[in-house]
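**Student:** quick one: sequence and predicted model below, then my questions.
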Amino acid sequence: MVETEAMNEAEIQCGEKLSVVTGAFGYTGRHIARKLLERGCRVRTLTNRPGQANPFAAPLEISPLDFNNPAALRTALRGADTLFNTYWIRFEHGGAHFERTVERLRVLLRAAREAGVRRIVHLSITNPSLDSLLPYFRGKAQVEQALRESEVSYSILRPTVIFGDGGILINNIAWLLRRFPFFAVPGDGQYRLQPVFVEDLADLAVESAAHDQNAIVDAVGPDIFTFDELVRTIANAIHVRSRILHAPPAAVLALSKLLRLPLGDVLLTREEIGGLMKGLLVSSAPPTCHTRLTNWLALHADSAGRHYLSELDLHYRRR
Ligand SMILES: NC(=O)c1ccc[n+]([C@@H]2O[C@H](COP(=O)([O-])OP(=O)(O)OC[C@H]3O[C@@H](n4cnc5c(N)ncnc54)[C@H](OP(=O)(O)O)[C@@H]3O)[C@@H](O)[C@H]2O)c1
């Protein structure tokens, strides 16, 4: 079922209701938490970095996201009206594995049900599939299945590539375009993406918490780009003349591996190239979010890609 009715602003004021957000110091979680706090909600985050200072202008309750301690998770979730889940890994590295991530989310969902949470708003991905050969998309489908079976009211939001303040993919494409005379695109570059603005996604998340009926919604913006068009759009917006070259996916992966050492990061994975080239980051449903990437880029032409954003710095090194 798809949520279609427009929300009345008054319906999404949450007063003293407690909302729990996994990853409020992260990317999407930060925007969701800020929007909840602005509406006067009580917000608690479950995070891997419980020692981090509260970056918001309002009080934030902070608890560890400790999957080895379901009792502590239950305690942290008790009394919560809604759990907003953003927890996931981008790729397998170090001790992080997709299968383990799915298991961890089963623990979290169970804890939410046992704690009496009314509603779970869960961030997934467009076109997840239990049959997918890509562990990211398969794992997302497994978590969605677990959520559907959890007996808690849910809203599953399926975003594509998320852009906005703190977004890695668009920023790092801009960073590469600023630094290199050419940009290597895997394959023919004709596969499509439908980027979504992080603030629109956060609004959708907050609005969908107010409902009771189960919903699965693609969280997608108004424009569909081929990957070539996306790269050209970013290059034009930041006023650089990098040449777009097409290369076999294995060659692009090898090039990205050459940058691993100087960047100290995993720029791109085989899986991510696979997901891109299979055209999984578009929706067949009408757009649910309105902000255009081109408008956002026009406002951030000077800052986009000035600094490289490292996934390993964000999610691995400090552990
Ligand atoms: N970013 C995109 O373009 C995109 C596209 C499609 C779907 N999504 C989905 O949208 C959701 C939010 O994405 P996001 O980019 O906003 O995520 P994020 O902020 O980078 O991470 C979200 C959460 O996952 C935790 N996390 C991330 N990587 C981890 C790792 N390697 N080990 C342990 N914990 C890790 C973070 O922990 P901390 O508590 O340490 O912050 C945080 O709780 C995810 O479910 C993602 O799959 C994102």
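**Tutor:** Arrived safely.

**Student:** the longest helix belonging to the chain close to the ligand?
**Tutor:** When the chain is scanned for its longest helix (criterion: DSSP state H), the result is helix 98-115. No: on the criterion C-beta under 6 Å from any ligand atom, helix 98-115 is out of touch with the ligand, staying 7.8 Å away. All C-beta atoms are positioned from the backbone trio N, CA, C, and that covers glycine.

**Student:** what does stretch 226-238 give?
**Tutor:** No: on the criterion C-beta under 6 Å from any ligand atom, stretch 226-238 is out of touch with the ligand, staying 12.8 Å away.

**Student:** re the thing from before, got a list of contacts for the longest helix of the chain?
**Tutor:** Contacts of helix 98-115 with the rest of the structure, by C-beta atoms under 8 Å, 6 or more residues apart in numbering, involve 22, 46, 67, 70, 73-75, 77-80, 83, 85, 87-89, 92, 120, 135-136, 138-139, 142-143, 146-147, 150-152.

**Student:** in strands, which of these fall?
**Tutor:** Judged by DSSP state E, the subset of these located in strands is 22, 46, 80, 83, 85, 120.

**Student:** nearest to residue 282 among those?
**Tutor:** Using C-beta to C-beta, residue 85 is the member of the ones in strands among the contacts of helix 98-115 that lies nearest residue 282, at 23.4 Å.

**Student:** how about the contacts made by residue 118?
**Tutor:** Contact criterion C-beta under 8 Å, 6+ apart gives 81-82, 152-153, 212 as the residues in contact with residue 118.

**Student:** residue 135 too?
**Tutor:** Neighbouring residues of residue 135 by C-beta under 8 Å, 6+ apart: 92, 98-99, 271.

**Student:** show me the two of these that sit farthest apart.
**Tutor:** The largest distance within these, taken as C-beta to C-beta, falls between 99 and 271 and amounts to 13.9 Å.

**Student:** between the two, which one's more packed in?
**Tutor:** Of the pair residue 99 and residue 271, residue 271 is the one with more neighbours under other C-beta atoms under 10 Å, namely 17 against 12.

**Student:** circling back: near the ligand, which of the ones in strands among the contacts of helix 98-115 show up?
**Tutor:** Taking C-beta under 6 Å from any ligand atom, the overlap between the ones in strands among the contacts of helix 98-115 and the neighbourhood of the ligand is residue 22.

**Student:** would JSON lines of the ones in strands among the contacts of helix 98-115 with distance to residue 187 be doable?
**Tutor:** Putting these into JSON lines (distance: C-beta to C-beta, whole Å) gives the following:
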{"residue": "22", "distance to residue 187": "35"}
{"residue": "46", "distance to residue 187": "39"}
{"residue": "80", "distance to residue 187": "44"}
{"residue": "83", "distance to residue 187": "39"}
{"residue": "85", "distance to residue 187": "33"}
{"residue": "120", "distance to residue 187": "37"}
